[in-house]
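In: here is my input; please provide its structure:
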Amino acid sequence: MRAERRKGVWNNKRVLGKVFTALVVMVAAVVSAWADDVPAGPKLLLSAQRLRRLKRDRERKTVRWVDFENRVNSVPDSPERGFELALYYVVTGDEVRGREAVEWAIKRQDRRVMPLVLDWCKPLLTDEQRKKLRDYLVTVKQVPTIREERDIWFQAIATGAEHGEPTDIDLRRVVSGPNYEDLYALCELIYAVRANTHKDLREVDAHFFSILPELLLLSAKPSELNSPPWMLHVAALALVEIDPNLPASQFLQSWALEDSQLLREGPGVAYELLWADPYLPGVGYQNMDTWLYDDHARLYARSGWEPNSCWVSISAKGVEQENCPPNWETETVHFGHLTLLPMTERCVEIPHLTDHNESVVVWKLRPGETVMHGKGKEQRSYEADAAGMWRPGANVEGRVCAAAH
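Out: Okay, here's the model as predicted:
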């Protein structure tokens with residue numbers, strides 16, 4: 001799969017570090033989990049419920065199914081050919097397509113597709129083909145990427161065997177070159193581990209993952225949100241499926257299932273069919289707050305959901321904007337219930353907030369800089385985050401000043 005590279009909201013090294021530390025424990029438990037509770041059907045990505053939905057799509061000849069079948073029949077050189085053929089076989093039972101998937105996987109040695117074919121096309125495999133699919137080596141860097149870790153787990157799940165001692169793999173991840181393909185790989189990893197070990201990787205930072213769907217929406221520039229790269233779209237669909245009952249997931253679901261988002265052609269068609277579930281609940285994303293400041297020193301804000309909305313991103317990595325007026329960095333700017341206040345002088349006035357939904361974020365401080373509020377015994381000090389931002393509490397209003405050096 002080709003990636004659309006850009007700065008990614010979810011690329012949080014601290015969170016990923018926790019996630020992969022949790023994987024150390026799970027690797028040791030995975031074999032016993034399979035022995036105690038082996039799924040009757042496919043183990044990778046296809047729950048019994050999802051497979052039934054895909055077969056209903058075929059029976060009803062839905063738009064997504066028709067588009068997928070047309071692609072299988074007309075695009076033999078698709079970069080996703082092995083995945084498409086294997087998915088087509090597991091839904092239809094078409095052995096011709098299934099054998100093509102097996103041959104494609106063995107020939108291409110695609111580290112992600114091989115375990116999927118081994119899992120989904122199992123009834124068609126000869127002993128020799130099964131051995132080739134089982135015994136390939138997943139070579140990784142000294143510090144594996146999220147996609148490499150996903151591939152390792154896919155192989156372990158498909159073969160029903162451990163991929164090595166936990167100490168063989170450094171799970172203190174540093175994901176380089178963040179992009180939507182990495183986010184999609186993370187979704188596949190979370191889904192596969194949970195389905196086969198009954199462990200949820202999100203537990204290491206439940207709050208972060210609870211707001212991740214909103215972060216994904218708010219981190220997308222207006223130009224992306226209204227005409228997203230296909231990998232952003234399918235990553236959103238997969239993220240919704242991990243926990244569709246989250247309020248944030250329901251906002252993301254409503255965006256991802258807009259008619260204009262439907263992938264009718266291209267390499268994303270099979271993923272559209274696999275993950276897009278119109279039966280899941282959705283709430284109009286236009287009802288979301290138009291800003292989000294999280295505890296990882298990141299702020300995403302937009303003036304609205306129109307294509308020409310002013311959008312800003314402020315983090316320790318820098319500042320980005322789209323469609324904003326030239327002076328937005330030096331003046332107070334409002335984004336829905338957020339007042340973004342630049343610290344362009346030593347002292348600024350924090351406005352009185354009349355609504356409990358309203359918030360202020362002060363920025364243009366130095367990372368870790370101290371600001372003071374109040375006088376005498378009532379004076380309190382506060383510290384800016386790693387991006388030079390500070391969010392005053394509801395009880396802070398009036399004059400605040402940078403501490404004298």
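
In: how about the strands in the protein?
Out: For the chain, the strands defined by DSSP state E cover 291-294, 298-302, 311-315, 318-322, 333-335, 338-342, 347-350, 359-363, 370-373, 380-383, 398-402.

In: turn these into TSV, including mean pLDDT and mean neighbour count.
Out: Bear in mind the C-beta positions are built from the backbone N, C-alpha and C, glycine included. Converted to TSV, the strands of the chain look like this (pLDDT from 0 to 100; neighbours: other Cβ atoms under 10 Å):
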stretch	mean pLDDT	mean neighbour count
strand 291-294	95	19
strand 298-302	96	24
strand 311-315	96	23
strand 318-322	96	14
strand 333-335	97	18
strand 338-342	98	20
strand 347-350	96	15
strand 359-363	97	20
strand 370-373	95	18
strand 380-383	95	13
strand 398-402	95	15
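
In: okay if I get the ones you listed as TSV plus distance to W230?
Out: Converted to TSV, the strands of the chain look like this (distance: least, Cβ to Cβ, whole Å):
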stretch	distance to W230
strand 291-294	25
strand 298-302	22
strand 311-315	21
strand 318-322	21
strand 333-335	28
strand 338-342	31
strand 347-350	44
strand 359-363	33
strand 370-373	44
strand 380-383	42
strand 398-402	46
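
In: surely C347 is in contact with R399?
Out: Yes - under the criterion of Cβ atoms under 8 Å, C347 makes contact with R399 at 5.6 Å.

In: and stretch 294-302, how far apart are its ends?
Out: 15 Å (Cα to Cα, to the nearest Å).

In: other residues contacting it?
Out: With Cβ atoms under 8 Å, 6 or more residues apart in numbering as the contact definition, stretch 294-302 has outside contacts at 9, 12, 14-15, 207-208, 211, 215, 218-219, 222, 290-293, 309-316, 335-336, 338, 340, 361, 363, 385-387, 389.

In: show me what contacts the residue lying closest to L338 once chain neighbours are set aside?
Out: Distances taken as Cβ to Cβ, 6 or more residues apart in numbering place W291 nearest to L338, at 4.3 Å, with adjacent residues excluded. W291 makes contact with 218, 299-302, 335-338, according to Cβ under 8 Å, 6+ apart.

In: can you lay out those residues as TSV showing distance to P229?
Out: Below are those laid out as TSV (distance: Cβ to Cβ, whole Å):
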residue	distance to P229
L218	17
L299	23
Y300	18
A301	22
R302	19
F335	25
G336	26
H337	30
L338	27
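
In: how near is the residue lying farthest from the centre of the chain to R399?
Out: Distance to the chain centre peaks in the chain at G376, reaching 47.5 Å (criterion: Cα atoms, centre = their mean). G376 sits 14 Å away from R399, going by Cβ to Cβ, to the nearest Å.

In: one more: A297?
Out: For A297, the distance to R399 - Cβ to Cβ - is 25 Å.

In: check L44 too.
Out: Taking Cβ to Cβ, one finds L44 at 59 Å from R399.

In: closest to the centroid, which residue in this structure?
Out: Using Cα atoms, centre = their mean, the most central residue of the chain is L183, at 3.9 Å.

In: okay, now the closest residue in space to L232 that isn't next to it in sequence: neighbour count?
Out: In this structure, L232 finds its nearest non-sequential neighbour in Y180, 4.7 Å apart by Cβ to Cβ, 6+ apart. Y180 has 26 neighbours, counted by other Cβ atoms under 10 Å.

In: you'd agree the residue nearest to the centre of the chain is up against A235?
Out: Yes - between L183 and A235 there is a contact under Cβ under 8 Å: 4.5 Å.

In: find the residues that touch each one of these two.
Out: Jointly contacting L183 and A235 under the rule Cβ under 8 Å, 6+ apart are L216.

In: contact partners of stretch 398-405?
Out: Contacts with stretch 398-405, where a contact means Cβ under 8 Å, 6+ apart, come from 343, 346-350, 362, 365, 369-373, 381-382, 392.

In: surely H337 is in contact with D289?
Out: Yes - the criterion here is Cβ under 8 Å, and H337 meets it with D289 at 6.3 Å.

In: can you pull out the helices in the protein?
Out: Under the criterion DSSP state H, the chain contains helices at 13-36, 48-60, 63-74, 81-92, 95-108, 113-120, 127-134, 146-159, 180-197, 206-219, 222-226, 230-242, 247-256, 269-275.

In: which one of those lies nearest to T330?
Out: helix 222-226 (22.0 Å; Cβ to Cβ).

In: from the middle of its chain, how far away would the closest one be?
Out: Taking Cα atoms, centre = their mean, to the nearest Å, one finds helix 222-226 lying 17 Å from the centre of the chain it belongs to.

In: got the CA positions of it in PDB?
Out: What follows is helix 222-226 as a C-alpha-only set of coordinates in PDB (Å, rounded to 0.1, in the frame of the first residue of the first chain):
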ATOM      1  CA  PRO A 222      -9.900  21.500   5.300                       C
ATOM      2  CA  SER A 223      -8.400  20.600   1.900                       C
ATOM      3  CA  GLU A 224      -7.900  17.000   3.200                       C
ATOM      4  CA  LEU A 225     -11.200  16.600   5.000                       C
ATOM      5  CA  ASN A 226     -13.200  17.500   2.000                       C
END
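
In: what's that helix in contact with?
Out: With Cβ under 8 Å, 6+ apart as the test, helix 222-226 has contacts from 6, 217, 232, 255, 302, 305-309, 311, 322-323.

In: report the two of those residues separated the most.
Out: R6 and E306, at 21.0 Å, using Cβ to Cβ across the contacts of helix 222-226.

In: between those two, which one's more packed in?
Out: When neighbours are counted by other Cβ under 10 Å, R6 and E306 differ, and R6 comes out ahead with 17 against 11.

In: mind checking pLDDT for the more buried one?
Out: R6 carries a pLDDT value of 48.

In: same thing with R53?
Out: pLDDT, R53: 97.

In: nice, that's everything, thank you.
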